[in-house]
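Student: quick check, what structure comes out for this input:
(6 chains)
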Protein chains: 6
Amino acid sequence: MRPSERANNQVRPITITRQFTAHAEGSVLVEFGNTKVICTASVEENVPRWLKGKGQGWVTAEYGMLPRATHSRNRREAASGKQGGRTMEIQRLIARSLRAAVDLKALGEQMITVDCDVIQADGGTRTASITGAMVALVDAINYMLANGMLKASPLKQMVAAVSVGIYNGEAVCDLDYAEDSAAETDMNVVMTEAGKMIEIQGTAEGEAFSHEELLSMLALAKDGIADIISVQKRALEN
Amino acid sequence: MRPSERANNQVRPITITRQFTAHAEGSVLVEFGNTKVICTASVEENVPRWLKGKGQGWVTAEYGMLPRATHSRNRREAASGKQGGRTMEIQRLIARSLRAAVDLKALGEQMITVDCDVIQADGGTRTASITGAMVALVDAINYMLANGMLKASPLKQMVAAVSVGIYNGEAVCDLDYAEDSAAETDMNVVMTEAGKMIEIQGTAEGEAFSHEELLSMLALAKDGIADIISVQKRALEN
Amino acid sequence: MRPSERANNQVRPITITRQFTAHAEGSVLVEFGNTKVICTASVEENVPRWLKGKGQGWVTAEYGMLPRATHSRNRREAASGKQGGRTMEIQRLIARSLRAAVDLKALGEQMITVDCDVIQADGGTRTASITGAMVALVDAINYMLANGMLKASPLKQMVAAVSVGIYNGEAVCDLDYAEDSAAETDMNVVMTEAGKMIEIQGTAEGEAFSHEELLSMLALAKDGIADIISVQKRALEN
Amino acid sequence: MRPSERANNQVRPITITRQFTAHAEGSVLVEFGNTKVICTASVEENVPRWLKGKGQGWVTAEYGMLPRATHSRNRREAASGKQGGRTMEIQRLIARSLRAAVDLKALGEQMITVDCDVIQADGGTRTASITGAMVALVDAINYMLANGMLKASPLKQMVAAVSVGIYNGEAVCDLDYAEDSAAETDMNVVMTEAGKMIEIQGTAEGEAFSHEELLSMLALAKDGIADIISVQKRALEN
Amino acid sequence: MRPSERANNQVRPITITRQFTAHAEGSVLVEFGNTKVICTASVEENVPRWLKGKGQGWVTAEYGMLPRATHSRNRREAASGKQGGRTMEIQRLIARSLRAAVDLKALGEQMITVDCDVIQADGGTRTASITGAMVALVDAINYMLANGMLKASPLKQMVAAVSVGIYNGEAVCDLDYAEDSAAETDMNVVMTEAGKMIEIQGTAEGEAFSHEELLSMLALAKDGIADIISVQKRALEN
Amino acid sequence: MRPSERANNQVRPITITRQFTAHAEGSVLVEFGNTKVICTASVEENVPRWLKGKGQGWVTAEYGMLPRATHSRNRREAASGKQGGRTMEIQRLIARSLRAAVDLKALGEQMITVDCDVIQADGGTRTASITGAMVALVDAINYMLANGMLKASPLKQMVAAVSVGIYNGEAVCDLDYAEDSAAETDMNVVMTEAGKMIEIQGTAEGEAFSHEELLSMLALAKDGIADIISVQKRALEN
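Tutor: Residues are numbered from 1 along each chain as shown, chains lettered A, B, ... in the order given. Modelled structure (predicted):
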């Protein structure tokens, strides 16, 4: 039995609130149960220096956690003078996932930066971030279309993410903190709406995992992501 | 006429939501109109090294802004590797203000850190932060009393803050961004519930200001802060 | 009775030595009693990147203390890899004060940087810095006029600063370290030669201060600054 | 046809040279074709502060590249003042992989740090690093056993890694730089000698990948790692 | 002919002012012509962590330049976030030179830190720093003797320094900036009062130098340092 | 008797392996006995910003040590966030030495960066680095000639380096770690093939050294460097 009493294949209640803050071209509050992340997409008519003149755009992401998003307070990264390895790893993952959703050539020499800031953490902050960032990205693209910064949409496909893992010997979907901190294996999966994979990152925290366990986790991930993409699409329809 | 059509002595609608996030001992969302700040108070049974063995506690604060809390995106301080001068200045001001509310000896060798993170900025983020942080601090103290970490409350008095300024030649209270960016003078005032001053920081952005203008601004600040302290107290009663 | 046996409204002996070092366009040693600060103004035919092409100049300031300017040695900021919050706060205050003295449009696309380095500290280093920096700034402007870098002076007014406070229950002017470390309230005031205010920054170190105390301090500040501006003007006449 | 003319399931010639440098308790040069990494394991009778008194040891890893290990020179991370995101990501992966090989309780309060420094890069530096680091780790454990720092071996199992990917539409094993820079998908797999998984990290560089492609890559990885573990074991027998 | 019209073996007028600032245990203004350095020695009843319990003391040094000590303004090292290579090199040289003057065992577990801050630079700042720092060090030792922190003096010998070089094909002593920036070779020599060498650091700026040129420079250095040590001793007698 | 049983004037076996790694325009493994350094020279059609438009090129150098090149592990400089003073001092020495070998005007607006990375340290890493870097530099220049980046060679002369010192009261050449850590005096000498001096850096670690001791050390250095330059030339002939 999972601590949350969910079925093994059941994701937490997922809520996506658009236009959560006022200034960003896309601004989303995404909630996976008690995990809450603010995702804002910022548009710039500019690209990083190393891309100038190459006729393509760029999508990037940054990730942070408020110091007390977690059970005990973490040191503020701005105060300690650098982003930790975990932060770097996560923001690189978010950015790669979002770039898979966009045709960078069609974006032209423009850049979209998505900031994912966790205000409350209960496991799965990186998969919630990708899921919410995707919606903020769509809103930013719609802003660009509405304001003449783009003639046609560079959006290729929707992308979403979920974590799966082996908890108490069984494959489960969308782990919360209670499960995550006790899981033998933890895997993050990013998929397209067509069910193809963008990223998988699986780690044996305790015991190594077998091929069969991997397959069970992937099956859960596929269904979970399909559910999550429905939530994204409903949110975008409103 | 003020851009917001408020009377000169009128503060914006102020909302204080307690228990805004789950983990912190005190967690508040404070809104001064469109300025929104999450204030969390974290308790530690410990003091900074330089205070060890001195028989007193410590209250400190840190301040940050989400990169897209503002009209255009600011570089993330964690990524640039340091907190800017403005951030440092503000978090020192918040910390001094909160320490004026607490008897540090009565706190014992324990520490409360209040994090103020601006999720949406529309002027007055530092005065909103102080105001919200005060409520989070009270909640943290109540947590300590309830959990036997304190026998008696070290709280001396409520503290709140407001900005005042000279806008279009007239003294106005609680400037929003439209006023703040055009004001000739901008002053932040921190006061106790008894109407005494903890901090005043006034800056002539354009023309130097006269003694009379200072007096007009102080009068507005006093009334505004009295209003704000009522809001704090109502929030704490719920 | 004050530790220095000065009357409550009496500033310390103030000395301003121009051309204190050889290379800077303006170079001043300012002494407020035992507080000694070297202020050098450096001229550059250039502005920061964010000002380029805007048809105006810039005045900025940096502040530092020699590690053993104080009673016990402070860690060298260059060695610790960053400027502390107090340093940042002070140099921002100095810079804003100096900009109030200059018409930045009339300066053209040129920049003046004033460095204030405390070689001996005995309270009031920031107000001594502003006072000395003002004189170094005038010398730099005169250098620019003499060398054809300016056709007309962009100087709008003289600016000077003094600290006031509540010590032993009484308002006093120009606190030395013995008073400063024991004062209930400490306030820095920056004024123009016309007696108008540029900056006031008051902090209750112990007890909150009343409106009446504020008025007493302001009255002392006004007279003190008038005295200090006379010293500046005499120094510039030599 | 692969640029190297290897069969799709063929790893590059792999060489492991032990005792490559003189001072470290384990020191290995690992070569996967033209990718060359020095892996040294350093033993310390000590654990990080957060582990003190918990009755267990620690295994960690750091990764670096000589500035000209690559086609064009990269900026030296020591000179730029921080490790980049890619470096952080890789050294975290190596460390987790090595910890899966060791019973940390059986290690006692002792620490082994493995440094992986790439002297020549031709694709697959992270998988070569894990493979070589594993052998250096065994040598360090043997040193500890021989010197009475350990009574029994804490080694649980051998661990090795390989990269697989989709190149020209086909799954291939152990990509070199020519393939890596053109691959549609790149996946790093870390496995135990029993064929169970420690880590999988797959990224769609271009097109998203299907479930079938994932299965093909995993099959290649399993066989490749079995080959590599044979090389490790032969090296350790000498 | 030298730009300063000095004879080749003639040092600049050298002035050593003791008790230059109020707080340090030793405080010296040293002037070699127009090069002016404040040297303060700070005493601590403590040693760096790596020396604790080893029954010996430590002497160290730090070096800095005010941003406008030079012809054009240099960026403040505290603001740029690190000490440059030149600064590091110089402060290590000063520290090694001073340690040669002191019996560290006889100092006991106490530390003396000498800060050398250049307020005006005209060539030879490192040799002026060593020369002035030596006098500040003696004053600090005398303070420790007078205050019971030492029973017997740990001073072994006086140490001083001078620069020599090849300018216009001739060996010259104590180069000022005009010579230094045009010299073919520049050498810094640190010697004891007995005429033995502590440090020599010679650099061919343009042409390589011959053995004969080295001998000529060393002869000048020996005489120059003897003169300088007389100045140190006279200063200490006052 | 020296620990290595070498004669006082005998350098260690010196080996220079060219084309040690694949990508750099010059790549050398230099071995002075057990001291091993990888030196790579990288060519860039570009100069640092401060040299642009001045019609000359630049040669620079960076130095590092693998963390476990030494007896006990040193903290990785990239991880600690800065290069230490010793590293800075050494890389500046290497760079100045190499610039003495090249006519920078003849190089045109192009830059050569030589990286010296110590993989195993046994004393004399800086002199081995200079010696190996010189050969890598020649290979890089030959690459530029062969590829039309240079019409004529800007090479002025060969440069090499050796350490000498006073060990057990006698002058010895090319100290290994056993000698270096016990030597009274340690001196690094850089010379041209014509026997003239580029750099001498001598430090009394224990006792100050006499003029006679200096002369003995210089005589050994001259002969040692002549031997080393022969090794360089033989290596370049192959």
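
Student: contacts and neighbour counts: CA atoms only from here.
Tutor: OK.

Student: give me the neighbour count for the nearest residue to A:T40 once chain neighbours are set aside.
Tutor: The shortest distance from A:T40 to any non-neighbouring residue, by C-alpha to C-alpha, 6 or more residues apart in numbering or on different chains, is to A:S27 (4.3 Å). Counted with other C-alpha atoms under 10 Å in any protein chain shown, residues neighbouring A:S27 total 29.

Student: quick check: the gap between A:S27 and chain E.
Tutor: 35 Å (C-alpha to the nearest C-alpha, to the nearest Å).

Student: so how far is chain E from A:M217?
Tutor: A:M217 sits 47 Å away from chain E, going by C-alpha to the nearest C-alpha.

Student: quick check, that residue in a strand?
Tutor: No - secondary structure assignment places A:M217 outside any strand; it is helix (DSSP: H, G, I helix; E, B strand; the rest coil).

Student: which residues touch it?
Tutor: A:164-166, A:171-173, A:187 (C-alpha atoms under 8 Å, 6 or more residues apart in numbering or on different chains).

Student: can we see that at 10 Å?
Tutor: A:9, A:163-166, A:170-173, A:185-189, A:202, A:211 (C-alpha atoms under 10 Å, 6 or more residues apart in numbering or on different chains).

Student: wouldn't A:A160 be in contact with A:D223 here?
Tutor: No - when contacts are counted by C-alpha atoms under 10 Å, A:A160 is not listed as touching A:D223 (11.5 Å).

Student: which stretches in chain A count as strands?
Tutor: A:14-18, A:26-32, A:35-44, A:58-65, A:111-120, A:159-167, A:170-173, A:185-192, A:197-204 (DSSP state E).

Student: which of the ones you listed sits closest to A:L215?
Tutor: Among the strands of chain A, strand A:170-173 comes nearest to A:L215, with 9.5 Å by C-alpha to C-alpha.

Student: any idea how far that closest one is from the chain center?
Tutor: 20 Å (C-alpha atoms, centre = their mean, to the nearest Å).

Student: repeat for stretch A:146-153
Tutor: 25 Å.

Student: report the buried residues of that stretch.
Tutor: For stretch A:146-153, a neighbour-count test (16 or more other C-alpha atoms under 10 Å in any protein chain shown) marks A:149-150 as buried.

Student: now do that stretch, average pLDDT.
Tutor: Confidence for stretch A:146-153, expressed as mean pLDDT, is 98.

Student: contacts for that stretch, please.
Tutor: A:43, A:45, A:102-103, A:106-108, A:110, A:138, A:140-145.

Student: can you report phi and psi for A:N147?
Tutor: Per-residue torsions, A:N147: phi -100, psi 10 (degrees, to the nearest 10).

Student: do stretch A:75-94 and chain D come into contact?
Tutor: Yes - residues of stretch A:75-94 contacting chain D under C-alpha under 10 Å from any C-alpha of the partner chain: A:82-93.

Student: can that stretch be said to contact chain E?
Tutor: No - counting by C-alpha under 10 Å from any C-alpha, chain E is not contacted by stretch A:75-94; separation bottoms out at 11.0 Å.

Student: the single nearest residue of chain A relative to chain F and A:M88: what is the separation?
Tutor: Across chain A, no residue is closer to chain F than A:K82, which sits at 9.7 Å (C-alpha to the nearest C-alpha). In this view, A:K82 and A:M88 are 10 Å apart by C-alpha to C-alpha, to the nearest Å.

Student: the contacts of A:M217, buried ones only, as a PyMOL selection?
Tutor: The buried subset of these, as determined by 16+ other C-alpha under 10 Å, is captured in PyMOL by this line:
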select buried, chain A and resi 9+163+164+165+166+171+172+173+185+186+187+188+189+202
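
Student: spatially nearest residue to the residue in chain A sticking out farthest from the centre (excluding sequence neighbours)?
Tutor: In chain A, counting by C-alpha atoms, centre = their mean, A:G53 sits farthest out from the average C-alpha position, at 29.8 Å. Distances taken as C-alpha to C-alpha, 6+ apart place A:E109 nearest to A:G53, at 7.8 Å, with adjacent residues excluded.

Student: what about that neighbour, how many neighbours?
Tutor: For A:E109, using other C-alpha under 10 Å, the count is 20.

Student: please report how far it lies from chain E.
Tutor: The value you get for A:E109 to chain E, if C-alpha to the nearest C-alpha is used, is 32 Å.

Student: just to check, that residue is in contact with A:V43?
Tutor: No - A:E109 lies out of contact with A:V43 (C-alpha under 10 Å); the separation is 11.2 Å.

Student: in a markdown table: the strands of chain A, plus distance to D:R75 and mean pLDDT.
Tutor: Shown next, in a markdown table, are the strands of chain A (distance: least, C-alpha to C-alpha, whole Å; pLDDT from 0 to 100):
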| stretch | distance to D:R75 | mean pLDDT |
| --- | --- | --- |
| strand A:14-18 | 41 | 98 |
| strand A:26-32 | 35 | 98 |
| strand A:35-44 | 27 | 98 |
| strand A:58-65 | 22 | 98 |
| strand A:111-120 | 25 | 98 |
| strand A:159-167 | 34 | 98 |
| strand A:170-173 | 42 | 97 |
| strand A:185-192 | 32 | 97 |
| strand A:197-204 | 28 | 97 |
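
Student: tell me the centre residue of chain A?
Tutor: A:I130 (1.1 Å).

Student: so which residue of chain A comes closest to chain B?
Tutor: Counting by C-alpha to the nearest C-alpha, chain A gets nearest chain B through A:A78, at 3.7 Å.

Student: how close does that residue get to chain C?
Tutor: Computed as C-alpha to the nearest C-alpha, the A:A78 to chain C distance reads 13 Å.

Student: I'd say that residue and B:L66 touch.
Tutor: No - look at A:A78 against B:L66 with C-alpha under 10 Å: they stay out of range, at 11.5 Å.

Student: more neighbours: the two, which one.
Tutor: Comparing A:A78 with B:L66 by neighbour count (other C-alpha under 10 Å), the higher total belongs to B:L66, at 23 against 20.

Student: give the contact list for that one.
Tutor: Per C-alpha under 10 Å, 6+ apart, neighbours of B:L66: A:38, A:40, A:64, A:66, A:115-117, B:73-77, B:117-121.

Student: can you say which of these are buried?
Tutor: Buried among the contacts of B:L66 by 16+ other C-alpha under 10 Å: A:38, A:40, A:64, A:66, A:115-117, B:73, B:76-77, B:117-121.

Student: nearest to chain E, of the residues you listed?
Tutor: Closest to chain E, out of all of the buried ones among the contacts of B:L66 and judged by C-alpha to the nearest C-alpha, is B:E77, at 14.8 Å.

Student: contact partners for the closest residue to the closest one other than its chain neighbours?
Tutor: Once flanking residues are discounted, B:E77 sits nearest to A:A78: 5.1 Å by C-alpha to C-alpha, 6+ apart. Listed by C-alpha under 10 Å, 6+ apart, the contact partners of A:A78 are A:64, B:63-64, B:76-84.

Student: hmm, try it at 8 Å
Tutor: A:A78 touches B:77-79, B:81-83, counting by C-alpha under 8 Å, 6+ apart.

Student: dump those residues into CSV; add pLDDT and distance to A:F32 as well.
Tutor: Output for the contacts of A:A78, formatted as CSV (pLDDT from 0 to 100; distance: C-alpha to C-alpha, whole Å):
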residue, pLDDT, distance to A:F32
B:E77, 97, 27
B:A78, 96, 25
B:A79, 95, 26
B:G81, 91, 30
B:K82, 92, 31
B:Q83, 95, 31
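
Student: among those, which pair sits farthest apart?
Tutor: B:A79 and B:Q83 (9.9 Å).

Student: higher neighbour count, those two?
Tutor: B:Q83 (22 against 17).

Student: residue in chain A nearest to chain E?
Tutor: In chain A, the residue that lies nearest chain E is A:G81 (11.0 Å; C-alpha to the nearest C-alpha).
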